[in-house]
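Trainee: Build me a model:
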Amino acid sequence: MIMQIGTVPIYAGQVENFKDHLALLKPYIENDSYWRQTNEWMSETTSTMGHDKNFDLPWDPILKDLEPHINEYLGIFQPVSPFSFQSRPWLNKYEKHGWQEQHNHIGAASHFSLAYMLDGQDQKNFVFQDSPGNWFDPLWELQLLFKNWPQRGFTPDQPDGTVFIFPASTDHFVMPNQSDNYRITASANLYITGVEDE
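Mentor: Numbers count the residues shown, from 1 in each chain. Next up is the predicted model:
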């Protein structure tokens with residue numbers, strides 16, 4: 001399913017075997033040696049991003065199962081040449097009251113990003129945030145007339161197994177975890193390159 005915030009297309013899909021992925025990751029989730037506190041973030045989220053053991057996690061089978069969702073999303077842009085993509089994944093673990101500030105994934109090797117809700121603790125914590133200055137800003141009064149009027153903040157449904165895919169420039173943030181249990185999500189940046197015809 002394709003949703004939009006302003007003019008930004010956001011994909012939301014359901015990964016049927018997400019429980020298999022969670023089971024694969026469980027030994028790593030429970031082992032503190034795979035995690036680091038992200039002191040460079042305001043939220044100091046516990047993450048495998050930037051940890052030298054991050055790529056010891058079983059990413060290959062998980063990314064293989066996410067690939068059809070990635071290709072479905074990229075298909076809306078109507079490819080005219082062959083392409084491939086590289087994925088750089090990591091895992092996040094939010095303890096009670098854990099959160100993440102508004103940010104995006106703009107970088108030299110990031111075209112698109114994804115967020116994969118593995119264990120959301122029955123909460124809608126992942127929020128997309130649009131930037132000011134879009135076409136609908138001066139027409140704000142029309143939100144009273146149209147149900148599907150664009151909003152600055154957008155909190156989609158996100159049952160466990162949901163994967164979101166979106167341009168890397170899209171701002172988003174994570175609301176505080178209200179559960180006593182960890183909230184587990186995976187993220188990845190995607191870098192697209194053209195493939196020469198043989």
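
Trainee: Check the protein and tell me which residue is nearest its centre.
Mentor: residue 115 (1.8 Å; CA atoms, centre = their mean).

Trainee: elements contacting the helix or strand harbouring residue 186?
Mentor: Assessed by DSSP states H and E, residue 186 sits inside strand 183-194. The contact analysis (3 or more CB pairs under 8 Å, 6 or more residues apart in numbering; DSSP states H and E) places strand 183-194 against helix 18-29, helix 59-75, strand 83-94, strand 112-119. In short, each C-beta sits where N, CA and C put it, glycine included.

Trainee: could I get the second one in CSV with only the CA atoms?
Mentor: Extracted as CSV, the C-alpha positions of helix 59-75 are listed here (Å, rounded to 0.1, in the frame of the first residue of the first chain):
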residue,chain,number,x,y,z
TRP,A,59,20.6,-10.0,7.9
ASP,A,60,20.7,-12.0,4.7
PRO,A,61,17.5,-14.1,5.1
ILE,A,62,15.7,-11.1,6.6
LEU,A,63,16.6,-8.8,3.7
LYS,A,64,15.8,-11.5,1.2
ASP,A,65,12.2,-11.6,2.6
LEU,A,66,12.0,-7.8,2.5
GLU,A,67,13.2,-7.5,-1.1
PRO,A,68,9.8,-8.1,-2.7
HIS,A,69,8.4,-5.1,-0.7
ILE,A,70,11.4,-3.0,-1.7
ASN,A,71,10.9,-3.9,-5.4
GLU,A,72,7.1,-3.2,-5.1
TYR,A,73,7.9,0.3,-3.7
LEU,A,74,10.6,1.1,-6.3
GLY,A,75,8.1,0.0,-9.0
